[in-house]
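kindly generate the corresponding structure for this input.
(chains A, B, C and D)
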2 protein chains.
Amino acid sequence: MHSVGSMTYEAFNRQVMVSLEDICLEIFNDDTSTIKIKNPKIGVKKLVKIIEAALKLSNEKGFHAMSLRELCQESGMSMGGLYAYIESKDDLPRIIHDQGRRILGKVMSENLEDIRDPAQRLEMAIRIHLYLSERMLPWFYFAYMETRFFSTDVKQMSMSNELYTEKIFEKIVEDGCKSGIFAQVEPVFTASIIKAMLQDWYLKHWKYKNRKVSVDDYADFVISWVNGFLIAS
Amino acid sequence: MHSVGSMTYEAFNRQVMVSLEDICLEIFNDDTSTIKIKNPKIGVKKLVKIIEAALKLSNEKGFHAMSLRELCQESGMSMGGLYAYIESKDDLPRIIHDQGRRILGKVMSENLEDIRDPAQRLEMAIRIHLYLSERMLPWFYFAYMETRFFSTDVKQMSMSNELYTEKIFEKIVEDGCKSGIFAQVEPVFTASIIKAMLQDWYLKHWKYKNRKVSVDDYADFVISWVNGFLIAS
DNA sequence: GTCTATACAACGATAGAC
DNA sequence: GTCTATCGTTGTATAGAC
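A predicted model of the protein is given here:
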């Protein structure tokens, strides 16, 4: 089912369902203490709007510079209304991080679980991460640029996200080295560099868009570059 | 004089003089309209303190979250005193960017001017950029993380910085490809990836420090990785 | 469940004493 | 050249009407 050969961004969009509504329903059900709304039908819809508006404004001018008055205007509600969904402004990063972490973990593990060959597994991990960051661009950008400002527990959520991703790549490179498929390289360094390339896609998105580089082009290039280094010829 | 063979971080620190005081004197002399202080002896010393404090606080909590009251406390002066050096809070990013841009341009061009061989030139460009970012870590971090929030003209200064660096690498790769020393690769893509690696050094500095990776270790690794891709064997 | 009106703290900036 | 005192604005957060 999950074959790397046929994986393109178009195929990813068909196969991998990332519904913001579903995830917000999960958050809605978990966060009964801070969210004062009872009706899920109403609550989830507004929660989606709040998250989308917060991501948009934060990415434009920074989370700290975004005022809650602006957030209310952007998401079409009043100050009083907003405070039925959050306890303070600092709740927003927590909700946003939570939402992205659930999706990232789910999609990565689902798509990698039945691929054993290190080279194929590496290619799939790179593609899935790139495609997911393309789909959830505002979230990835937010998570990277704003995390350092937040409270300790949100920072830790983000750190564990980072390490989770990095470990996936380290593990694959290590396995490939051991089984002799890859050349003998430093797995930790190599994973760092691969991650830097993946991050460049969503951090410098405007640059690649201007150059008319599609996410598939970029994925192909990263994979050929990585293979050039790992597959000793 | 500028031989890449002997270039290490230790040698860089001995050879390349980057005096914050000298640069601040330049700024002090240029910015006679906003800076109301007449005596350079006093003015330059405080300007250095202001820039250092602003970089420290901005990198800890973000430029927007840093209050000018904190900045005054950190740099040992009063609100009234501070306003003899700046016209508004928005002056700070301009001064900080200006300062770094002068150093970056000077150091890069000085160290590359008499190296012709593309492979040597590429190695030197990578090393100088890494060593400079190690020395001016707070500035590089600030320039990357805060630029998007500022006024159009500061943004443009930063953009031209980015392009300046990227063009250096593009040009070297292109020359190497034409002369047959490098394999036939996409210069634009390749320069992007190299830049992403250089950025990872100052953006994830804590990570490498924890792993006890020195800037020389990192430089060696980046260069071996790049050579593996460029020098067809 | 959502709105308007308001409280209160913190911010950037300035005036005037020294 | 530097300080203290103070201004007006804007921010987060809440209370009470509907």
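
the longest helix along chain A: how far from the chain's middle?
Longest helix in chain A by number of residues (criterion: DSSP state H): helix A:152-178. Centroid separation for helix A:152-178 versus its chain: 13 Å, with CA atoms, centre = their mean, to the nearest Å.

repeat that for stretch A:210-229.
The answer for stretch A:210-229 is 19 Å, by CA atoms, centre = their mean.

that one and chain B in contact?
Yes - where contact is defined by CB under 8 Å from any CB of the partner chain, part of stretch A:210-229 touches chain B, namely A:Arg211, A:Phe221, A:Trp225, A:Gly228, A:Phe229. Every residue, glycine included, has its C-beta placed from N, CA and C.

that stretch - what's its average pLDDT?
Computed over stretch A:210-229, the mean pLDDT rounds to 93.

now swap in stretch A:150-158 and tell me
On average, stretch A:150-158 scores 91.

what strand or helix carries A:Met108?
Using DSSP states H and E, A:Met108 sits in helix A:91-112.

kindly export that helix (C-alpha atoms) in CSV.
Output of helix A:91-112 as CSV, limited to C-alpha atoms (Å, rounded to 0.1, in the frame of the first residue of the first chain):
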residue,chain,number,x,y,z
ASP,A,91,-2.9,29.1,25.6
LEU,A,92,-2.7,29.6,21.9
PRO,A,93,0.8,28.3,21.3
ARG,A,94,0.0,25.2,23.3
ILE,A,95,-3.1,24.5,21.3
ILE,A,96,-1.3,25.1,18.0
HIS,A,97,1.6,22.9,18.9
ASP,A,98,-0.6,20.2,20.2
GLN,A,99,-2.5,20.1,16.9
GLY,A,100,0.5,19.9,14.7
ARG,A,101,2.3,17.3,16.8
ARG,A,102,-0.7,15.0,16.6
ILE,A,103,-0.7,15.2,12.8
LEU,A,104,3.0,14.9,12.4
GLY,A,105,3.4,11.8,14.5
LYS,A,106,0.4,10.1,13.0
VAL,A,107,1.3,10.7,9.3
MET,A,108,5.0,9.9,9.7
SER,A,109,4.5,6.6,11.5
GLU,A,110,1.6,5.5,9.3
ASN,A,111,3.6,5.9,6.2
LEU,A,112,6.9,4.4,7.4
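
and that helix, what's buried?
Neighbour-count burial for helix A:91-112, with 16 or more other CB atoms under 10 Å in any protein chain shown as criterion, is recorded at A:91-101, A:103-104, A:107-108, A:111-112.

now what about the helix or strand following that helix, what contacts it?
Remark: after helix A:91-112, the chain's next helix or strand is helix A:118-135, criterion DSSP H and E. Residues outside helix A:118-135 that contact it (CB atoms under 8 Å, 6 or more residues apart in numbering or on different chains) are A:2, A:4, A:7, A:9, A:12-13, A:16, A:18, A:103-104, A:107-108, A:111-112, A:115, A:140, A:165, A:168-169, A:172-173, A:175-176, A:179, A:181-182, A:194, A:198, A:201-202, A:215, A:218-219, A:222-223, A:226-227, A:230-231.

let's see 6 Å
Helix A:118-135 is contacted from outside by A:4, A:7, A:9, A:12, A:18, A:107, A:111, A:115, A:140, A:168, A:172, A:175-176, A:181, A:198, A:201-202, A:215, A:219, A:222-223, using CB atoms under 6 Å, 6 or more residues apart in numbering or on different chains.

what subset of those residues is buried?
The neighbour count (16+ other CB under 10 Å) marks A:4, A:7, A:9, A:12, A:18, A:107, A:111, A:115, A:140, A:168, A:172, A:175-176, A:198, A:201-202, A:215, A:219, A:222-223 as buried among those.

per-residue pLDDT, A:Ala232?
58.

for A:Ser3, same thing?
Looking at A:Ser3, its pLDDT stands at 73.

my guess is A:Met157 meets A:Asp98, correct?
No - with contact defined as CB atoms under 6 Å, A:Met157 does not count as touching A:Asp98 (7.2 Å).

for A:Val185, which three-state class applies?
coil (DSSP: H, G, I helix; E, B strand; the rest coil).

got the angle for the helix holding A:Met108 vs helix A:152-178?
Taking axes from the mean of the first three to the mean of the last three CA atoms, to 10 degrees, one finds that helix A:91-112 is oriented at 20 degrees with respect to helix A:152-178.

quick check: buried residues in the longest helix of chain A?
Neighbour-count burial for helix A:152-178, counted by 16+ other CB under 10 Å, picks out A:154, A:157-158, A:161-162, A:165-166, A:168-170, A:172-177.

so the helix or strand that comes right after that helix, near chain B or not?
Counting by DSSP H and E, the next helix or strand C-terminal to helix A:152-178 is helix A:187-203. Yes - using CB under 6 Å from any CB of the partner chain, helix A:187-203 comes into contact with chain B via A:Phe189, A:Ala196, A:Met197, A:Asp200.

mind putting those residues in TSV, distance to DNA strand C and neighbour count included?
Formatted as TSV, the residues of helix A:187-203 next to chain B follow (distance: CB to the nearest atom of the strand, whole Å; neighbours: other CB atoms under 10 Å in any protein chain shown):
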residue	distance to DNA strand C	neighbour count
A:Phe189	40	20
A:Ala196	33	20
A:Met197	37	21
A:Asp200	32	21
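
of the residues you listed, the lowest pLDDT goes to which?
Confidence-wise, A:Phe189 trails the rest of these, at 90.

the most centrally placed residue in chain A sits in which helix or strand?
Centroid-nearest residue in chain A: A:Phe140, 4.8 Å away (criterion: CA atoms, centre = their mean). Using DSSP H and E, the element containing A:Phe140 is helix A:137-146.

which residues does that helix contact?
Outside helix A:137-146, the residues that reach it (CB under 6 Å, 6+ apart) are A:Leu55, A:Ser58, A:Asn59, A:Phe63, A:Gly100, A:Ser133, A:Tyr202.

give me the domain ranges for chain A.
Per automatic domain parsing, the structural domains of chain A span A:4-16+A:116-230, A:20-92.

now render those domains as CSV, adding distance to B:Ile37.
What follows is these, written out as CSV (distance: least, CB to CB, whole Å):
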stretch, distance to B:Ile37
domain A:4-16+A:116-230, 33
domain A:20-92, 30
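
so for DNA strand D, which of these sits nearest?
Closest approach to DNA strand D among these is made by domain A:20-92 (3.2 Å; CB to the nearest atom of the strand).

ends of that closest one, how far apart?
Length of domain A:20-92, first residue to last, CA to CA, to the nearest Å: 16 Å.

try stretch A:106-124
Termini of stretch A:106-124 sit 15 Å apart (CA to CA).

compute the inter-axis angle for the helix or strand bottoming out on mean pLDDT in chain A and helix A:91-112.
Here the helix or strand of chain A ranked lowest by mean pLDDT, DSSP states H and E is helix A:20-30, holding a mean of 90. Angle, helix A:20-30 to helix A:91-112, by the same axes, to 10 degrees: 120 degrees.
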